[in-house]
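In: Need a 3D model of the following:
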Amino acid sequence: MKYMNVHTASEKWGISERRVTALCRQERISGACKEGKEWKIPIAAQMPGDRRRKDYDMTEVPPLPLPIGISDFTETVTHYYYVDKTLLIRDILDARPKVSLFTRPRRFGKTMNMDMIRTFFEKTEVDTSAYFRDKNIWYCGDRYTSHQGKYPVIFMTFKDIKYSTWEDTLDGIKQVIKNEFSRHNELQNSRLLTSFERDFYKGILEDTLTESSWTAALGMLSQILHKHHKTAPVIIIDEYDTPIQQGHLLDFYDRIILFMRNFFSAGVKDNPNLSFGFLTGILRVAKESIFSGMNNLKVNSILDDRYSQYFGFTMEEVRTMMEYYGYGEKFGEACDWYNGYLFGNTEILNPWSVINYLDDGCYPKAFWQSTGSNEVIGEIIHRATPEILENMQLLMQGKSISTYIDTSVIYPEIQNNPMTIYSFLLIAGYLKVVNMAPCHDGNAICDIAIPNKEIFYVYEKEAEK
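Out: Residues are numbered from 1 along each chain as shown. Presented below is the predicted three-dimensional model:
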């Protein structure tokens, strides 16, 4: 049988090489096979039709569904279209930070990536390598794959801790902790634990401990997992600052800060029972000393180039996705509405909005604004000084302004120091970096602007209230 390469098929069928490669990977070209790193396509092969068009062949296998609202890694890679971010694991193992904090706007893939990391590292009774064997990380060699399935993992997410009182917030956090203790039921009858450790474990499950004991829970769970498994665990805390934002908005800020300071001090500060630690959030929240004295913490903000391509979709990833669904010609419109973010040196599109845009037949809407509260934007607009209002008007006109960006901005400073609002808006995804001049303190002087049509619409709606 005679074969042609991807380039020849691209010219013959009048589609991009990326589209041809995607069709090969999806096994939609009969007889296509891979030789080394190159695809070989039978000369007589026919180009598959667009599966999203009304005139496509109904006998064809339908395209993979889009993972709207899905943050479970194994479910996504098994049933949905997945944008491969597994090289994040390679880069982490190369850098080997003890504790990493990733700050990104909401709905930019933080939870999915943390669940991917959990699935990769976690030691389980079933072989989870199947979820990675066709992913980029698996082609990086034994130096990386040897870590797969080798560690106990503590995984907690605070993304749903959005209560109106401190008492309800504490109950919600305790339930998250209790669920994670319960998930590690191998500890319940472990003979390697002391009587104190077994009593602590039981006290968590039965909710008989004092508040101060609950703040020690992360450290204690890592200790007893290390003792039981003979391997220090990986700790993952997703969206750690969600209850902190609630505390700011609803007047229990001091209580949540005190709890979180003690909780993280016990779990990730100089903890000998820790292999790796990963935290995600929108803000760094450093100045309240939540991470006081934590010399092992590496902060990765939107100004940093390392890991910049792993949260959100790159231009190439969106182009490939849109061609897969038969909407390649709409790429420019997608960029106008959802592009504009610059993380480090990487151009990023909003992943939540891109997925919903495709699912809606490429009809542009402000999808992101409905995914969470924009109350802080309204607070900023309605408390703004005349100078800030003038700058906001310039931004709404599509212009940029220059300002100092502090990546460790905290919620109370928005009220006390009006100039910090630009830092908050940038970190939270409501502004973009146009140009950046780094400062010696790790922050930067940046030219900032509204990133795209979607965010312009958010400002417009909040200003009307």
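In: how close does Pro438 get to Lys298?
Out: 17 Å (Cβ to Cβ, to the nearest Å). Bear in mind the C-beta positions are built from the backbone N, C-alpha and C, glycine included.
In: pLDDT of stretch 125-133, averaged?
Out: Averaging pLDDT along stretch 125-133 gives 93.
In: May I see the buried residues of it?
Out: Within stretch 125-133, the residues scored as buried using 16 or more other Cβ atoms under 10 Å are Thr128, Tyr131, Phe132.
In: closest to Glu11 among those residues?
Out: Phe132 (34.5 Å; Cβ to Cβ).
In: Hmm, Gln148 and that closest one touching each other?
Out: Yes - the criterion here is Cβ atoms under 8 Å, and Phe132 meets it with Gln148 at 6.6 Å.
In: higher neighbour count, Pro438 and Lys298?
Out: Lys298 (16 against 11; other Cβ atoms under 10 Å).
In: So that one: helix, strand or coil?
Out: strand (DSSP: H, G, I helix; E, B strand; the rest coil).
In: Does it touch Arg96 like I think?
Out: No - between Lys298 and Arg96 no contact is recorded; they are 9.9 Å apart, counting by Cβ under 8 Å.
In: just the helices in the stretch 301-450 of the chain please.
Out: Ranges of helices within the stretch 301-450 of the chain are 315-324, 331-338, 351-359, 375-383, 386-396, 411-416, 421-427, based on DSSP state H, counting those that start in this stretch.
In: Name the stretch among the ones you listed that sits most buried.
Out: helix 421-427 (a mean of 25; mean count of other Cβ atoms under 10 Å).
In: who touches both of Phe132 and Gln148?
Out: The contact sets of Phe132 and Gln148 overlap at Phe120 (Cβ atoms under 8 Å, 6 or more residues apart in numbering).
In: about what we covered before: so of the buried residues of stretch 125-133, which ones are in helices?
Out: Using DSSP state H, no member of those sits in helices.
In: mind checking the longest helix of the protein?
Out: Per DSSP H, the chain has its longest helix at helix 166-183.
In: which residues touch His228?
Out: Contacts of His228 (Cβ under 8 Å, 6+ apart): Pro152, Glu186, Leu187, Ser190, Leu192, Leu193.
In: Wait, a helix at the fifth one?
Out: No - per three-state DSSP, Leu192 lies outside any helix segment and is coil.
In: surely it meets Lys227?
Out: Yes - between Leu192 and Lys227 there is a contact under Cβ under 8 Å: 5.2 Å.
In: quick one, which of the two is more surrounded?
Out: Of the pair Leu192 and Lys227, Lys227 is the one with more neighbours under other Cβ under 10 Å, namely 16 against 11.
In: any idea how far that one is from Gly36?
Out: Distance from Lys227 to Gly36, by Cβ to Cβ: 47 Å.
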